[in-house]
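Student: Here is my input; please provide its structure:
(one chain, ligands or ions: 1)
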Amino acid sequence: MNGNSAIYAQLVPSTSHPFPRMPACLTFGPVSSPDSDRGPKEEEVSDGKSCSALNPWRHGLPNALIVGVKKGGTRAVLEFIRIHPDVRALGTEPHFFDRNYDRGLDWYRGLMPRTLDSQITLEKTPSYFVTREAPRRISSMSHVTKLIVVVRNPVTRAISDYTQTLSKKPDIPTFEELAFKNSSLGVVDSSWNAIRIGMYILHLENWLQYFRLSQMHFVSGERLITDPAGEMGRVQDFLGLKRIITDKHFYFNRTKGFPCLKKPESSGQPRCLGKSKGRTHVQIEREVIEQLQEFYRPFNIKFFETVGQDFKWD
Ligand code: A3P
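Tutor: Sure, this is the predicted structure:
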């Protein structure tokens with residue numbers, strides 16, 4: 001058995017489950033009032049026999065969500081964690097708790113990949129982190145949901161966000177024009193989304209009204225690039241999973257300039273994220289970057305104190 005085959009031979013689902021499971025024979029009634037605090041109504045549909053004994057594969061609501069932040073490295077975390085045999089993840093972003101909530105939980109559940117009882121279900125939608133209603137809606141689905149937030153220096157994140165928008169709409173104003181109300185006075189426009197998203201503490205305070213901090217795990221977007229195995233080790237611990245994804249799964253791709261996933265020989269090429277991940281950023285003057293660092297400093301300090309981690313963004 002060669003090295004890669006040995007790694008992937010370990011990738012078989014285990015039997016224990018790290019989360020309390022929603023019962024397999026319960027269904028959810030229509031969410032007539034999506035914003036009600038009561039949440040969806042559970043309704044028994046069998047006479048107590050285990051559905052999973054009949055068909056072990058089913059669509060379950062997610063046990064864990066990658067809720068943000070946009071341009072933090074959320075796609076990398078999703079693609080890395082889903083190679084774990086005990087994780088099944090939705091590849092697209094369902095936007096249920098922000099744009100599609102009116103469609104109801106049955107719609108949402110139907111989008112999820114089928115899982116065995118031993119597997120957890122995961123989805124990622126980075127806009128949840130900055131959506132005011134999202135924490136309440138998620139806690140009404142399940143108050144034991146685990147939440148993953150990938151955070152990155154808010155200045156770099158804003159530039160990355162702007163670079164992405166510019167790639168789609170080349171006629172937008174310059175970064176400086178959007179970032180400042182008055183650039184000579186250094187007055188930052190915190191109403192611009194690219195700036196607002198990076199004021200992490202403001203959004204986090206909203207989440208902490210509905211979830212305990214211990215239900216949230218913060219991934220460093222910077223360390224995800226320099227030490228993907230270390231960051232993914234902590235994600236696996238947080239999800240209660242065996243540490244199966246290790247440094248053996250990654251290699252640094254010099255052309256891409258980022259870590260990529262190794263693949264077993266039988267499955268073809270190694271896997272890097274797509275072209276929209278790891279773009280060359282637009283050039284921003286040093287002075288502008290320093291003004292933004294200054295702007296974010298108090299928000300960052302409060303954020304570090306609250307989560308009990310220093311992400312070293314100075
Ligand atoms: P840039 O394109 O600005 O470099 P998201 O998936 O949340 O939109 O985040 C995109 C960011 O993920 C990229 O931003 C990139 O820096 C980061 N990233 C982290 N690990 C990566 C990897 N292995 N490959 C590509 N991009 C990665």
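
Student: Arg271 - nearest residue in space that isn't next to it in sequence?
Tutor: With CB to CB, 6 or more residues apart in numbering as the criterion, Arg271 has its nearest non-adjacent residue at 4.3 Å, and that residue is Leu261. Where you see a C-beta, it was placed from the backbone N, CA and C, and this is true even at glycine.

Student: for Val188, what are its contacts?
Tutor: With contact taken as CB atoms under 8 Å, 6 or more residues apart in numbering, Val188 is in contact with 179-181, 195, 291-292, 295.

Student: Read off the pLDDT value for Lys302.
Tutor: With respect to pLDDT, Lys302 scores 98.

Student: For it, give its distance to Tyr210.
Tutor: Distance, Lys302 to Tyr210, by CB to CB, to the nearest Å: 19 Å.

Student: just to revisit the earlier point, phi, psi for the residue nearest to Arg271 please.
Tutor: When read as degrees, to the nearest 10, the backbone of Leu261 gives phi -90, psi 140.

Student: what pairs with it across the strands?
Tutor: Phe250, Arg271 (DSSP bridges).

Student: isn't it right up against Leu273?
Tutor: No: counting by CB atoms under 8 Å, Leu261 does not reach Leu273; the two are 9.1 Å apart.

Student: Phe97: which of the contacts of Val188 is nearest?
Tutor: Nearest to Phe97 out of the contacts of Val188 is Ile195 (CB to CB; 23.0 Å).

Student: burial count for the residue nearest to Arg271?
Tutor: As a burial measure, Leu261 scores 18 neighbours (other CB atoms under 10 Å).

Student: Spit out the contact partners of it.
Tutor: 79-80, 83, 249-250, 270-272.

Student: Now restrict those residues to buried residues only.
Tutor: Neighbour counting by 16 or more other CB atoms under 10 Å classes 79-80, 83, 249-250, 272 among these as buried.

Student: just curious, which of those is nearest to the ligand?
Tutor: Closest approach between the buried ones among the contacts of Leu261 and the ligand, by CB to the nearest ligand atom: Cys272, at 6.3 Å.

Student: Can you tell me how far the closest one is from Val144?
Tutor: Computed as CB to CB, the Cys272 to Val144 distance reads 34 Å.

Student: ditto for Arg223
Tutor: 27 Å.

Student: again with Tyr162
Tutor: 37 Å.

Student: Find the nearest non-adjacent residue to the closest residue to the ligand within the stretch 101-250 of the chain, please.
Tutor: Using CB to the nearest ligand atom, the closest approach of the stretch 101-250 of the chain to the ligand is made by Ser160 at 3.1 Å. Closest residue to Ser160 apart from its sequence neighbours, by CB to CB, 6+ apart: Lys71 at 4.2 Å.
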